[in-house]
Structures are given as C-alpha cells and as structure tokens.
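> test case, fold it:
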Amino acid sequence: MLSNVEFEKLTSDQPSRLKVWAKKRCDADPKGFIRLEDIDRIAFACRSSGDHKSYRWLNGLRMLATSGKLDRIRAGNEVREDKICKVRRLRAQNKIPFDINDHIMLKETGKRGTVVDYVPGTDEFIVVLNPFQFLRCPAKELAKTATKVKYVVEEKERD
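Residues are numbered from 1 along each chain as shown. The predicted structure follows:
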C-alpha cells in the first residue's frame, strides 16, 4: 500500500502516538511497506486506547487505499469518476446549471438530449441531442436556452 517512509511523512501532522508508531516502523525497516492488515492493527490499537482522531484518520487512509484513490493521487492521474465527482460538487454549489447525465430540453426547438461532459477550462457543456447530434455550448448560454427534464420511458399498453 505505502512504503514505511511515505507513511511516516503522511503522519507528520497527526497525533503523537501515530507519529511515534510510524517513526519506529520506518527506523526498523525503511525499505518495508505498510499493508492493509497493518493499518487495521494500528487502527484497532488506537481505538482501544481512546485515540479516536488517529483511528478516523487511519480508516480514511484505508478507504483511499481500497477504493484506488490513493494510487490515482500518487500517480497524478484523473479518471472519469474523479471528473464526475468534481462536476457534481460544482453543481451542488450552484456554480454550474447542469450535472453530467442530466436530461435537458432546448426551449426553442424542443429537442431533448443528455449532458455527457463538462469542460471546466472553457466552461462549456457537451450535450448529445436526439438523434445523435452533438452540441457544445457555454454554461451560461445553455442555462438560458435549455431546461432540465425528467427522462421517462413510456411503456405501450399491450393488448
């Protein structure tokens, strides 16, 4: 998961008990690695001793490692899931009018489509309109010319 040296650096602003643990680990085996089982053992010891801050921090580190986010953070790569989370956060803060996968309808033409991407650098949305037309539009303009709609699939009655 992490080298003992990386773990020691990460714990530099954590409670002293955790820093001491990481330092002893690093001094004993600087080329060694900390694994999930080690994190679980240390977290259990922290929780048992009443160090809840360290326990929560270690659980957060464990969650980052098991979800793969730790590897993405270390590599500096952004994947689609990260981008979707950023766009959702922007939408929740009302900084942009639509979210990825929102269904919209253009007010003037009545055409429906789906927001498939948001480009933060240019503040533009990419929308796929039915039938298979692409629209690249600035966020402010799209907010004026489109409205969010619910996507409903109507079932035809069978005889």
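
> for this protein, what spans make up the strands?
In the chain, the strands defined using DSSP state E lie at 2-3, 33-34, 103-106, 112-119, 124-129, 133-138, 146-148.

> format those as TSV; extra columns: distance to Lys23 and mean pLDDT.
Where C-beta positions appear, they are placed from N, C-alpha and C, glycine not excepted. Output for the strands of the chain, formatted as TSV (distance: least, C-beta to C-beta, whole Å; pLDDT from 0 to 100):
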stretch	distance to Lys23	mean pLDDT
strand 2-3	14	89
strand 33-34	13	92
strand 103-106	54	94
strand 112-119	44	93
strand 124-129	49	94
strand 133-138	52	93
strand 146-148	53	94
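
> please convert those strands to a markdown table, extending it with distance to Lys53 and mean neighbour count.
Below are the strands of the chain laid out as a markdown table (distance: least, C-beta to C-beta, whole Å; neighbours: other C-beta atoms under 10 Å):
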| stretch | distance to Lys53 | mean neighbour count |
| --- | --- | --- |
| strand 2-3 | 19 | 16 |
| strand 33-34 | 19 | 18 |
| strand 103-106 | 44 | 17 |
| strand 112-119 | 36 | 17 |
| strand 124-129 | 41 | 19 |
| strand 133-138 | 45 | 13 |
| strand 146-148 | 41 | 16 |
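
> and those: which comes nearest Leu90?
Closest to Leu90 of the strands of the chain, according to C-beta to C-beta: strand 112-119, at 7.7 Å.

> what angle separates the closest one from strand 133-138?
50 degrees (axes from the mean of the first three to the mean of the last three C-alpha atoms, to 10 degrees).
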